[in-house]
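Participant: have a look at this fold, sequence not included:
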C-alpha cells in the first residue's frame with residue numbers, strides 16, 4: 001500500500017511531539033542526523049511528496065527511506081549547510097505536497113552530484129530548524145546521512161513552478177492551532193489560501209520568478225524582491241510594513257548558488273528591478289525564511305535611487321534631529337566619520353539639535369572598562385566641521401561599564417550635539433549614570449533638576465538597556481526639553497515566517513515598560529508647565545502602530561510626528577524587504593505646527609553609513 005500523504009491533524013501533532021522528544025526536530029544539523037532510524041517497509045515505494053507530506057512536518061520524520069528517485073536541481077558546495085536539492089519529475093495531484101527536498105551531506109562535505117543527475121537517495125528523514133527550536137522558525141524537511149546513487153547525467157530539469165502575483169495568496173498565514181501552542185505545524189497546508197502555506201508547499205522545489213522590484217537592498221550577497229508590485233507602496237519603491245496584518249506576502253529573498261568568488265552578487269538598492277528570470281530551488285533559512293537559491297540569476301537594473309536632502313530650517317524655526325549612527329567608535333575608518341559628517345551637513349541641513357544613538361566609548365568594542373566617549377564625539381564633530389557644518393558642542397552622560405546593553409565593551413549611549421550659534425544648552429550639573437533627573441517649577445516654567453541627566457535609571461525597565469538622556473535647551477529665550485532614547489531591541493522576537501502564527505513578540509514587554517517610564521516623565525514636565533515644548537526622539541525600536549508608541553502617547557502627552565507624513569513615507573528602516581518605522585520624534589501638545597521629514601539616506605541602499613534613516617522635525621517654539 002502507498003504511504004499516506006495526508007495524515008490527520010492529531011497524528012501530525014503526535015509526530016511533532018515524538019520528533020521533539022527524540023531530538024529529530026532540532027536546530028543542529030549534526031544532531032538532526034545522529035539518531036537511530038526506523039526503516040520503512042522495503043516493499044513500499046517512497047517518493048519525495050510522501051516525505052514532504054501535507055503539513056510542515058514530514059509524516060516520515062525519523063524514518064529511514066531507500067532509493068527515493070529524482071533529478072538534482074541545485075548543489076550547494078559551500079557554507080555550513082552543504083548538500084543538494086533533488087526533485088521528482090512525476091508530481092502527484094496534490095498541490096499541498098512538494099516534489100522537491102534538500103539532501104544534507106554535511107557541514108564540510110562537498111556534494112558529489114551535478115545538476116541534471118538522475119539519482120536514487122537513501123537516508124534519514126529529519127526536520128532541521130534554522131537557528132534552533134528556540135528561534136520559533138519553521139523547520140526544513142531534509143534527508144540526512146545520505147547514500148546517493150547516480151543513475152544517469154545530463155537530464156532535463158523539472159519545469160520550474162513560477163511564483164507570481166497571481167499564485168501567491170493575499171492572506172499571509174493561518175492562525176496557529178491553540179492546542180499546539182499557536183503553531184501551524186499541525187495544520188494541513190492550504191496553498192491556495194495562505195502565502196506561507198503556498199511557499200511551504202514548494203519547499204525544495206525548482207521555482208522561478210520573473211522581473212521583480214527590489215524591496216530590500218543587497219547585503220551579505222542577498223537581496224529581497226516582491227512578486228506583487230502592488231505591495232510596493234512606499235514613495236521610493238519599497239514594500240511598506242504598515243500594520244501587523246500587512247506582512248507583504250509577495251516578498252522573497254534571493255541568493256545565488258554560484259559562490260561569490262566565481263560570480264560577484266549584484267548590488268541593488270530599493271526601487272531597482274531584478275529583470276529576467278531567476279530560477280532555482282526554494283529553500284528555508286534562518287534569516288528571512290523562504291529563499292530562492294538561484295542557479296540562474298536575473299540582471300539588476302539600476303533605477304537611480306538618490307539619497308534625500310531635507311530643507312534648511314527657516315528663520316525662527318528650530319530643527320531637531322535624531323540619528324542612529326550604528327556603533328560608532330574612534331577605530332572606525334575616517335571615511336565613515338567623513339561620510340556621516342557630510343550627511344549631517346548636506347542631507348540633514350545642519351540641524352540645531354542632533355540626538356545621536358549608538359555612540360560607543362573611546363575603545364569601541366574592546367572590553368577594557370573604558371566608558372568615556374569623548375574621542376568618538378570629538379572625531380564626529382570634527383568631521384561635520386570639515387564638511388562645512390557648524391562647530392557643534394555636545395552633552396552626554398557616561399554609562400556604567402557594560403550595564404546599558406549593546407555590543408559588550410562598547411558602552412553605547414545617546415549624545416546631544418547642538419549648534420551654539422543657534423541654541424544654548426542649560427547646564428544643571430550633577431547628572432551621572434545612576435542619579436535620576438527630575439522636574440521642578442521655576443518662575444512659572446518647568447525646569448530639569450539635572451541637565452543633562454538620565455530619566456529613571458533605577459527602573460527595571462532600563463536594566464541592560466540604554467537609559468533616556470534628558471536635556472534642557474534654550475532657543476530665542478524659550479526652553480525646549482529634548483529626551484533622547486534608544487529603547488530595547490527586537491532581539492528574541494519570532495520572525496513573520498515563524499511556525500507560530502501570529503508570531504511571539506517577547507521584546508515588546510520591555511519597550512512597553514520603557515515607554516511608560518518616558519511618558520510619566522513627560523507628564524511631570526507638562527504638570528509643571530502645560531505649555532512646555534517637549535520632544536521625545538530616538539531609536540524607539542518599534543512601529544508607529546505598536547503598543548510601545550501607544551504607551552508613549554498615552555493620555556495625549558505626546559504625538560508620534562511621523563504619522564503626519566503620507567503613509568507611503570512612514571519608514572526609517574528596511575528589514576527583510578519590509579520598510580518600517582523604528583526611529584521616531586514625538587511632540588508635546590504645544591508643538592502643534594511642525595514640519596517632519598524621514599530623510600532616506602541609508603536603509604534603502606546597499607552602500608550604507610548606518611542601517612537607520614535620520615529623522616528631522618522643525619517648529620517655532
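Facilitator: In hand now; what should we look at? Model, not experiment: these values are computed from the prediction.

Participant: let me know the pLDDT of the closest residue to residue 130 other than its chain neighbours.
Facilitator: Take residue 130 and drop its neighbours on the chain: the residue closest to it by Cβ to Cβ, 6 or more residues apart in numbering is residue 286, 3.6 Å away. C-beta coordinates here come from the backbone N, C-alpha and C atoms, glycine included. Reported pLDDT at residue 286 in the predicted model: 93.

Participant: ok, now how distant is residue 286 from residue 474?
Facilitator: Distance of residue 286 to residue 474, computed by Cβ to Cβ, to the nearest Å: 50 Å.

Participant: residues in contact with the residue nearest to residue 130?
Facilitator: 130, 131, 135, 137 (Cβ atoms under 8 Å, 6 or more residues apart in numbering).

Participant: isn't the third one up against residue 494?
Facilitator: Yes. Contact between residue 135 and residue 494 holds when scored by Cβ atoms under 8 Å: they sit 7.3 Å apart.

Participant: what touches both of these two?
Facilitator: Going by Cβ under 8 Å, 6+ apart, no residue sits against residue 135 while also sitting against residue 494.

Participant: give me the secondary structure label for the residue lying closest to residue 104 once chain neighbours are set aside.
Facilitator: Nearest non-adjacent residue to residue 104, counting by Cβ to Cβ, 6+ apart: residue 83, 4.5 Å away. Here residue 83 is strand, with the state taken from DSSP: H, G, I helix; E, B strand; the rest coil.

Participant: what about residue 83, how many neighbours?
Facilitator: Neighbourhood size, residue 83 [other Cβ atoms under 10 Å]: 25.

Participant: quick check: it touching residue 107?
Facilitator: No. With contacts counted by Cβ under 8 Å, residue 83 stays clear of residue 107, the gap being 10.0 Å.

Participant: now for this protein, the helix or strand with the poorest mean pLDDT.
Facilitator: strand 38-39 (a mean of 36; mean pLDDT, DSSP states H and E).

Participant: determine which two of the contacts of residue 286 are furthest apart.
Facilitator: The largest separation in these, counting by Cβ to Cβ, is between 130 and 135 at 7.3 Å.

Participant: residues in contact with residue 212?
Facilitator: 225, 226, 227, 229, 252, 273, 274, 278, 298.

Participant: one more pass at 6 Å, please.
Facilitator: 225, 227, 274 (Cβ atoms under 6 Å, 6 or more residues apart in numbering).

Participant: for it, which non-adjacent residue is spatially closest?
Facilitator: Closest to residue 212 by Cβ to Cβ, 6+ apart is residue 225, at 3.9 Å.

Participant: what does the helix or strand where the one you found lies contact?
Facilitator: Using DSSP states H and E, residue 225 falls within strand 223-226. Strand 223-226 has contacts (Cβ under 6 Å, 6+ apart) with 212-216, 232, 239, 250-254, 268, 274, 577.

Participant: what's the neighbour count on the residue lying closest to residue 152 once chain neighbours are set aside?
Facilitator: Of all residues not flanking residue 152 in the chain, residue 118 sits nearest, at 4.6 Å (Cβ to Cβ, 6+ apart). By other Cβ under 10 Å, the residues close to residue 118 number 18.

Participant: tell me how far residue 118 lies from residue 151.
Facilitator: In terms of Cβ to Cβ, residue 118 sits 4 Å off from residue 151.

Participant: go on, residue 505?
Facilitator: Taken as Cβ to Cβ, the span from residue 505 to residue 151 is 49 Å.

Participant: in a strand, residue 157, correct?
Facilitator: No. Residue 157 is assigned coil when assessed by three-state DSSP, not a strand.

Participant: show me the contacts for it.
Facilitator: Per Cβ under 6 Å, 6+ apart, neighbours of residue 157: residue 73.

Participant: checking the nearest residue to residue 488 once chain neighbours are set aside next. Helix, strand or coil?
Facilitator: Once flanking residues are discounted, residue 488 sits nearest to residue 510: 4.3 Å by Cβ to Cβ, 6+ apart. Under three-state DSSP, residue 510 falls in the helix class.

Participant: tell me if I'm right that residue 510 and residue 490 touch.
Facilitator: No. Contact criterion Cβ atoms under 6 Å: residue 510 and residue 490 do not qualify, at 10.4 Å.

Participant: okay, residue 393: pLDDT?
Facilitator: In this model, residue 393 is scored at 98, pLDDT.

Participant: kindly apply the preceding question to residue 308 instead.
Facilitator: Predicted confidence (pLDDT) at residue 308: the value is 98.

Participant: number of nearby residues for it?
Facilitator: Neighbour number of residue 308 under other Cβ under 10 Å is 17.

Participant: buried set for stretch 519-539?
Facilitator: By 16 or more other Cβ atoms under 10 Å, the buried positions in stretch 519-539 come out as 519, 521-523, 525-526, 528-529, 532-539.

Participant: again, but for stretch 335-346
Facilitator: Buried residues in stretch 335-346 (16+ other Cβ under 10 Å): 336, 337, 338, 339, 340, 341, 342, 343, 344, 345, 346.

Participant: and the spatially closest residue to the fourth one that is not a sequence neighbour, how many neighbours?
Facilitator: Right, residue 339. In space, and not counting its chain neighbours, residue 339 is closest to residue 609: 4.6 Å by Cβ to Cβ, 6+ apart. Neighbourhood size, residue 609 [other Cβ under 10 Å]: 22.

Participant: residue 474 too?
Facilitator: Residue 474 has 13 nearby residues by other Cβ under 10 Å.

Participant: got the contact list for it?
Facilitator: Contacts of residue 474 by Cβ under 6 Å, 6+ apart are 424, 426.

Participant: what's opposite it in the beta bridge?
Facilitator: residue 424, residue 479 (DSSP bridges).

Participant: how near is it to residue 481?
Facilitator: 11 Å.

Participant: is it true that residue 218 touches residue 607?
Facilitator: No. Counting by Cβ under 6 Å, residue 218 sits too far from residue 607 to count as a contact (9.4 Å).

Participant: the more surrounded of these two?
Facilitator: residue 218 (20 against 11).

Participant: returning to what we had before: from residue 259, how far off is the residue nearest to residue 212?
Facilitator: The value you get for residue 225 to residue 259, if Cβ to Cβ is used, is 21 Å.

Participant: who's more crowded, these two?
Facilitator: residue 225 (27 against 13).

Participant: where exactly do the strands run in the stretch 501-621 of the chain?
Facilitator: 533-539, 559-560, 573-575, 578-580, 583-587, 594-598, 615-619 (DSSP state E, counting those that start in this stretch).

Participant: contacting residues for residue 561?
Facilitator: 585, 587, 596, 617.

Participant: check it and give its pLDDT.
Facilitator: pLDDT at residue 561 comes out at 98.

Participant: re earlier: what subset of the contacts of residue 561 is buried?
Facilitator: 585, 587, 596, 617.

Participant: give me phi/psi at the nearest residue to residue 454 once chain neighbours are set aside?
Facilitator: Nearest residue to residue 454, sequence neighbours excluded (Cβ to Cβ, 6+ apart): residue 467, at 4.4 Å. Residue 467 adopts backbone torsions of phi -80, psi 140, taken as degrees, to the nearest 10.

Participant: give me the pLDDT value at residue 467.
Facilitator: 98.

Participant: next, count neighbours for the residue nearest to residue 488.
Facilitator: Residues near residue 510, counting by other Cβ under 10 Å: 21.
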